[in-house]
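A.B. asks: Could you work out the structure for the sequence below:
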Amino acid sequence: MAFDDENAVFRVVRNDEDMHSIWPLHRPVPAGWSDAGFTGTKTACLEHVERVWTDMRPLSLRRAMDGEMAADTDGNGAAR
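C.D. replies: This next block holds a predicted model:
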């Protein structure tokens, strides 16, 4: 399988929740995912994912939590 081949070329993919993964370049991008614009070896792709995907929370959760935090302040950053 391509995931076990350290010399295979991969691409970084991202879904609508801004979650990242790697996928073999020769395989079609799976449904629900899009090409994130980075290709390379497995190691290079995993290092790229580590650099760019710094918040593991799904995008919808980040937005919900940001909304809760905004509701808990008076608009100037002070807690209510």
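A.B. asks: Sketch out the low-pLDDT regions of the chain for me.
C.D. replies: Along the chain, the parts satisfying pLDDT under 70 run over 1-2, 68-80.
A.B. asks: who's in contact with the longest strand seen in the chain?
C.D. replies: Counting by DSSP state E, the longest strand found in the chain is strand 33-41. The contact list for strand 33-41 (CB atoms under 8 Å, 6 or more residues apart in numbering) reads 6-15, 20-21, 23, 25, 29, 45, 48, 52. Bear in mind the C-beta positions are built from the backbone N, C-alpha and C, glycine included.
A.B. asks: Run me through the strand neighbours of that strand, direction for each.
C.D. replies: If you go by DSSP bridges, strand 33-41 pairs up with strand 9-15 (antiparallel).
A.B. asks: any idea which helix or strand comes after the partner strand?
C.D. replies: Beyond strand 9-15 on the C-terminal side, the first helix or strand identified by DSSP states H and E is strand 20-24.
A.B. asks: helices and strands around that next one, which ones?
C.D. replies: Strand 20-24 sits against strand 9-15, strand 33-41, helix 42-52, with contacts defined as 3 or more CB pairs under 8 Å, 6 or more residues apart in numbering; DSSP states H and E.
A.B. asks: what's that strand in contact with?
C.D. replies: By CB under 8 Å, 6+ apart, the residues outside strand 20-24 that reach it are 2-3, 8-15, 29-30, 33, 36, 42, 45-46, 49, 52-53.
A.B. asks: 6 Å instead, please
C.D. replies: 2, 8, 10-14, 45, 49, 53 (CB atoms under 6 Å, 6 or more residues apart in numbering).
A.B. asks: coming back round to it: buried among the contacts of strand 33-41? Make that a ChimeraX selection.
C.D. replies: In ChimeraX, this line selects whichever of the contacts of strand 33-41 come out buried by 16 or more other CB atoms under 10 Å:
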select :10,11,12,13,14,15,20,21,23,45,48
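A.B. asks: Now Asn7: closest residue in space that isn't a chain neighbour?
C.D. replies: Among residues not flanking Asn7 along the chain, Thr41 sits closest, at 7.1 Å (CB to CB, 6 or more residues apart in numbering).
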